Every structure is written in C-alpha cells, then in structure tokens.
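1. task: produce atomic coordinates for the following.
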Amino acid sequence: MFSGSRCPIARGVEIVPYPWPKWLPMPLVATTLGVAAVVIGVRQLGLLQSSELSLYDFYVRSQPARDPDSRILTVLVTEQDIQAQKTWPLPDATVADLLTRLNAASPRAIGLDIFRDLPQPPGHDELQNMIRINPRIIPVCKSTGETAEQPEVPPPPSIPLAQVPDRVGFADIPLDNDGVIRRNLFVISNPKAQRCTTPFSFALMLALRYLDQEPTQTIKLDDKGLTLNDVHFPLLTSDAGGYVGVDDRGMQTLLKYRSRTAVGPTVSLTDVLTGRVSEDLIRDRVVLIGVSAPSIKDIFLTPYSGSDAVTQQMPGVVVHGQMVSQFLSAALDGESPIWYWPLPVVLGWILLWAGVGSVLGWWLRQPLWLGGAVVGGLIILFGGGFGIFVMGSGWIPVVPPAIALVLSSVGMVGYVSYQAQQEQKSFQEKVQEQEKALALLRSLMAEDTAALNAALREPTEITGKPRSLLSGRYKIQKVLGSGGFGRTYLAQDTQRPGNPLCVVKHLRPGRTDERFMQVARRLFNTEAEILEKLGRHDQIPLLLAYVEENQEFYLVQEFIDGASLSEELKRKHTEAEAIQLLREILEVLSFVHSHYVIHRDIKPDNIIRRASDRKLVLIDFGAVKQMQPQEVAKTQGSTVVIGTMGYAPPEQLSGQPTLSSDIYAVGMIVLQALTGIKPRDLPRDPRTGEVDWQQCVTVSEGLAAVLNKMVKFNFSDRYPSAKEALQDVRRLAPPASPVS
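-> So this is what the prediction gives:
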C-alpha cells in the first residue's frame, strides 16, 4: 500500500530535497578527487617518474623489429681497428684516407663523429684541407661548456667560425637522471660557446644534407618546432609523457629508436681501408664514422639496456644514426614522432582512472568481483598503453592512473565497509533503544493506578480523522484501514509536482499522561529513524515524514500500488511457486535482519505485490503499534503488542520476539500457500506443540526440512535469521522425492 518517489526523510513535517544528484554519490566523488589529488601530487614530486620511464623502456624493447634503414651506413672504429693502427687517437692521415675512400663513392653526407680539434700527425694539413673544401663532410663539436668538467670541444680548426653553423653539428646528447638516452636534442642556443657555435645537432645536419638532394622537400624550423614535409616535431615540454621537470631547453623530441643494434648496414674502419666495402653500399647514403671500441668509452645506456646495463650499451655514433634515421623516416616515409598529452590532459587521465576505481569499488563490493575488475582495468590500461606506443607512436602515462585505479577501488571499499560498520552500529543502537522503550512502555501499561486509569483514553473509539491538510501538506483522501493502533489514510502530497499519493498512518497513544507520552514519543522517533534507513531498500516503503500533532503521531510513507499477498493465498500454490515465494520474502527480510531489526508483524496483509514490477514489498513494521494497550488488541483477535495470531510464534506472544520470530511467520505464510489452510487452523502435535502440516500436503524432502526448521516451536531450533534460511532455500533442487 505505500509508494511514491524516493527521497530522504526530514523529521517533523516535510522532506528537504537533497541537492546532490543521486546518480553521483558524494563518497564516490570525494574518493575520486582525494585519490586523484594524492596521486597527482606524488607524480608532480617526481616520485613516479622512474617507474614510468622503466615502462617506457619496456615498450621500446618490446616493439616489433623494424627493417634496417638502407639510407644510412655506419663505419665503426672497433677495438680490433685500434689494435691494427697501434695508436689512439687515429692519425690524421688515417682519417684522411678513410674520408677520401668514402668520398670517392659519392655519398650524400659523411658524418665524422670523432673530434679533430687537435693535430694528430702525420697528415694534419691534408685532413684539415679535405674537411675545409668538402661540404659533404660534417664534423662534430661539443657545445656543452657550462662547467669545467664539461669543457667545450671546438670543431676542426680549418672551418672558419662564420661557417661553423652551416658545416658542423654539435654532438651533445641529453641524458636522463638514470643515464639513459630517451631524447633527441636537435637545436640549442648556448651563448657561452666560443667555437662550437652551431645551433644544429650532428644528426639534423646529416639529415638536412641528405634531404638537400631530394626533390621538393619542405623544411621549416621556427619557435614552434621542426617540420619536415608534412611531419611536425613539436617542442618537448618538461612534463612530456612520464617526465616531470625534465630539462627541456633547446629544441628536443623523444628519440624514436629503430633497432637495438645498428640502424642500417655496418662496416669497420679496416673494411673500408682495405677496399672490402662496395661503392654501392656507400653511394647516395649518409655515412657515419664513429667509435665502438669499449676502451674509448663512447657508449651510452639506452632503453634497450634494460637490466643488463654493462653489455647492452650503444656506441654514440649508433645513437646519432638512430636520430638521423628518425628525421629521414619522418621526411621521406611520413613517420610521425612520438606524441604525448599536455599536462592538463594527463591530470584528467589520472582523475578518470581514479573515478573508474571508485565506481568499481562502489558497485562491486565483493572482493573476488572487485579484484577481477581491477585486474581487468590494469590489463586494459597497460595493454592499451603498449598498443598506443607501438601502433600509434603515443606515450600515455600508465603508472599514475594504475595506482589511482587500485587506490580508489581499495579506498572506496574501505569507505563502504566503514560506513556499513557505522550504520550497523547505529542500527544496533536504535534497536537497543527501541527495545528499552518497548520494555518501559510495557511496564507503564501494566500499571493500574487510579490516577493512570483516569488518564486512559479509550483506544478503540477512534473518532474523526486528522485535519484534512496534515501539517499543511498532506491532504487526506480516504481511510485505507483501521485497527487497535489507529487508522491508515490515503493522502496526497500537495507540495510535490503532480500531488503524488502517499500513506499516512495515524497512531494514537493508549494514554496521554506525561510519563507515557515521553516513552511513546521516544519509541515513535526511534521507530521512524529505523524505518527511514530500512526504506533505502527498494522493497520496503520509504518513510517520507514523521509528525507529532496534538499528542498523536503520524507516519507518512510512500504508496505502493498493488495487491496484498492475501489475494494470492486464496488458492493453493505448487511447490515451485511456494519455493519462489519463500525466496522472494526471505531476500527482503534478509536485508532487514542484517540490521538486527525485527519486523514483528509479518503476515499476508503486510506483504504487497507491487503492480509495476511484480516484486513483493514488506510493509507495516510492528514495534510502534505497542503504544496501544494490550487489552484492547486482544479483543480484536490480534495483539498489536505481539503481532497477529497464527503467524506470531510463542515467544512473541509472551512479549519476547527474536529475529527467528519473523522466520516463523514467513514459514507459516508458505504453509498457508501450500495447504490452503490458515495458520491458526493447521493441526499441531499435542505433546510438542509442533505444527503437523505434512499430513495436509506432499512436498520434497528438502523443502519439508526447511519449513519444519522455520516453524519450530522453540525459537532456538529455528534459523537464527533470514540469511541462513535463504541459503538453504537457494540450495533447494526441483522436487524429486516427495514426502507426505
């Protein structure tokens, strides 16, 4: 009989609408924002950078191998070459011989990644003259001269200072804090440089030389970055990808490695000097010359180094080759650089995953389901990050959102568990307070003094009805029912759109003396608070308001449009129907019992089959009815103190109900459904008092065992609560071996 729209209760007269949207619980928002703020703070302190960079390195190592870049030839000076030359640095004559042989095969550019700022006789003049007159040859210098430990290394002296920007490339390579090369620095501005004044990197100079001989090339360099044909290299920012506060001076991009070893074909110094290298391998290529001998220590850590940082290091000339290949692949193959999100998007990304974790924790409160969902989220996150890097050349943060996902889900579960414990505790306190009020009320009603008798009001003579507009809001329409406790009215809520229907229960205390009214008021308020919390369940009417006027009490509840279970019990039920009915009732009652609340008056009239969804709704909790004297109720065939005869067990009839008392009532309802006999008319064993119902109907052994346990005469022999009964009911199989 109770329904309407669900909204929070306001004590007194009316409901104050809750301003926060119901679809977005405040704890979920608070957990999301709190976890996101913590993770973002930790990230911005740089505490997650090493983990993010390690994951980035894993992506680089795990990406599929790419074909060698045939546009690049690397000439390595190996340890064997140095031993053959019997000296280091290489004599200028040897370098000149090498350059002469390479130049004769018409390469597009020759990059000399060996410093030649000082004479290494013999052959110094010959080498310097060759470098001066041959524009194909790009030597290197070192621009990083900010400290005494990192002095500037000038270019070969034969190149005039004015020509350095067009003929020389700087060899400086930015290292991350862990010594790994992940960035490609291609333009710098170093006002402290005296001789190494070129703004362009060694790799960029070689790439531009190569592209000079390509038709219709578009090359643009401005303050927004470098553009090679249709591919733009935006300026690296200090918070790119997983970086936090990285040195972003100059123009940089993330280095897109081609392979873990050589970029393209590789030969040794001895191979070239002895004529073992075909001219076809040199012609129209970029040729890089550098050292790979471990004794020279021109080797670096790269993402390919992994945990084996000793043996898996890359010669500097090969690193430069990776950079040259990146520029050529962009200009000629349309290969995009590694992209990343700006900081606001990264922060929003972390917030999003914190929200995902909070939602999972809010909805999937079972540890197994939640754990599986979180693991699934992590797989999507890490797998998606890897897929985007390999297939889309994008670096999205993964570690911070992964931490946010786990922390928010765990935090939400912790919050929900804490709230459940607090609510459970609050319910227990309310129930205890209710029991105390009931005990005191019974003692007061048992008193028989002249003063109290004079104050007694005749409870059965309920005359009239409340004012037509209760509390200036609820307009009484008609009487739905009456009993020893008062009357139930159908009313309209005049202050809500559409004037929806609601139910007003008018409760008249059995006495009006001050002591009795204090206890009755205490019981009424406690019962209302319990009903308000229970009303959060979809199959329990929501309490809309509770009001006291003129020493009389009113409960306003939602109106449930439907028929009582009494209508369904007019016919016998099959066993399958009875089991389904039993499950439906116990599922609702299990929620009630989980809060240690006793219904006290479960009977067919107090169970409504809601018309909209055919679900059973449990109504009319019985504790507050005890404001009426026991004597009056007995004259009407039921007692508001102890429930309804036939459905109430012995301990409840004596004023000592337990959770198992409700179990008894549910069992009797199901017996009535199976037998078609009202509970008070069912036969009983005169010796034990047990209900001897099995002579009236045949059911399976499983159902018989459950029902027998539910309707035991002694409450200690019954199921302690609806939860345990429901577990056994769910195990019931279709009837196979009936017993009578």
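
2. what residue ranges in the stretch 551-700 of the chain score low on pLDDT?
-> Scanning the stretch 551-700 of the chain for pLDDT under 70 picks out 622-643.

3. make it 90
-> For the stretch 551-700 of the chain, the stretches with pLDDT under 90 are 551-553, 594-598, 600, 620-645, 652-657.

4. mind listing the strands for it?
-> 552-557, 559, 562-564, 607-610, 616-618, 699-700 (DSSP state E, counting those that start in this stretch).

5. who are the packing partners of the last one?
-> Okay, so that is strand 699-700. With contacts taken as 3 or more C-beta pairs under 8 Å, 6 or more residues apart in numbering; DSSP states H and E, strand 699-700 sits against helix 575-594, strand 738-739. Where you see a C-beta, it was placed from the backbone N, CA and C, and this is true even at glycine.

6. export the first one as CSV, just CAs?
-> Meaning helix 575-594. What follows is helix 575-594, C-alpha atoms only, in CSV (Å, rounded to 0.1, in the frame of the first residue of the first chain):
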residue,chain,number,x,y,z
GLU,A,575,5.9,-26.5,-4.6
ALA,A,576,7.8,-24.5,-7.2
GLU,A,577,5.6,-21.5,-6.6
ALA,A,578,6.0,-21.9,-2.8
ILE,A,579,9.8,-22.0,-3.1
GLN,A,580,9.8,-18.9,-5.3
LEU,A,581,7.5,-17.1,-2.8
LEU,A,582,9.8,-18.2,0.1
ARG,A,583,12.8,-16.8,-1.7
GLU,A,584,11.2,-13.5,-2.5
ILE,A,585,10.2,-12.9,1.1
LEU,A,586,13.5,-14.0,2.6
GLU,A,587,15.5,-11.8,0.3
VAL,A,588,13.8,-8.7,1.6
LEU,A,589,13.8,-10.0,5.2
SER,A,590,17.5,-10.8,5.0
PHE,A,591,18.2,-7.1,4.5
VAL,A,592,16.0,-6.2,7.5
HIS,A,593,17.7,-8.8,9.7
SER,A,594,21.1,-7.7,8.6
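
7. and the protein, what are its domains?
-> 52-340, 428-559, 563-739 (automatic domain parsing).

8. quick one: closest of these to residue 45.
-> domain 52-340 (7.6 Å; C-beta to C-beta).

9. quick check, distance from the closest one to the centre of its chain.
-> 45 Å (C-alpha atoms, centre = their mean, to the nearest Å).

10. numbering from 43 from now on, please.
-> Yep, numbering from 43; the last one is domain 94-382 now.

11. between the two ends of it, how far is it?
-> 13 Å (C-alpha to C-alpha, to the nearest Å).

12. what's the average pLDDT for that domain?
-> Mean per-residue pLDDT for domain 94-382: 94.

13. excluding chain neighbours, what is closest to residue 412?
-> residue 406 (4.4 Å; C-beta to C-beta, 6 or more residues apart in numbering).

14. next, give phi and psi for the one you found.
-> Residue 406 adopts backbone torsions of phi -100, psi 80, taken as degrees, to the nearest 10.

15. residues near it, how many?
-> 18 (other C-beta atoms under 10 Å).

16. for residue 253, same thing?
-> Around residue 253 there are 19 residues (other C-beta under 10 Å).

17. pull the distance from the longest helix that the chain contains to the chain's centre.
-> Longest helix in the chain by number of residues, with DSSP state H as the criterion: helix 441-488. Relative to the chain's own centre, helix 441-488 is displaced by 24 Å; criterion: C-alpha atoms, centre = their mean.

18. again with stretch 559-569
-> The answer for stretch 559-569 is 44 Å, by C-alpha atoms, centre = their mean.

19. who's in contact with the residue lying closest to residue 330 once chain neighbours are set aside?
-> Excluding the flanking residues, the one nearest residue 330 by C-beta to C-beta, 6+ apart is residue 153, at 4.5 Å. Neighbour list for residue 153: 180, 182, 211, 244, 247-248, 328-331, 362, 366 [criterion: C-beta atoms under 8 Å, 6 or more residues apart in numbering].

20. mind checking the SS state of residue 153?
-> In three-state terms, and counting by DSSP: H, G, I helix; E, B strand; the rest coil, residue 153 is strand.

21. that older thread, I figured the residue nearest to residue 412 was touching residue 415, is that so?
-> Yes: counting by C-beta atoms under 8 Å, residue 415 is a contact partner of residue 406 at 5.4 Å.

22. could you point out which element follows the top strand by length along the chain?
-> As assigned by DSSP state E, the longest strand anywhere in the chain is strand 516-525. The helix or strand immediately downstream of strand 516-525 is strand 528-535, counting by DSSP states H and E.

23. perfect, I'm done here.
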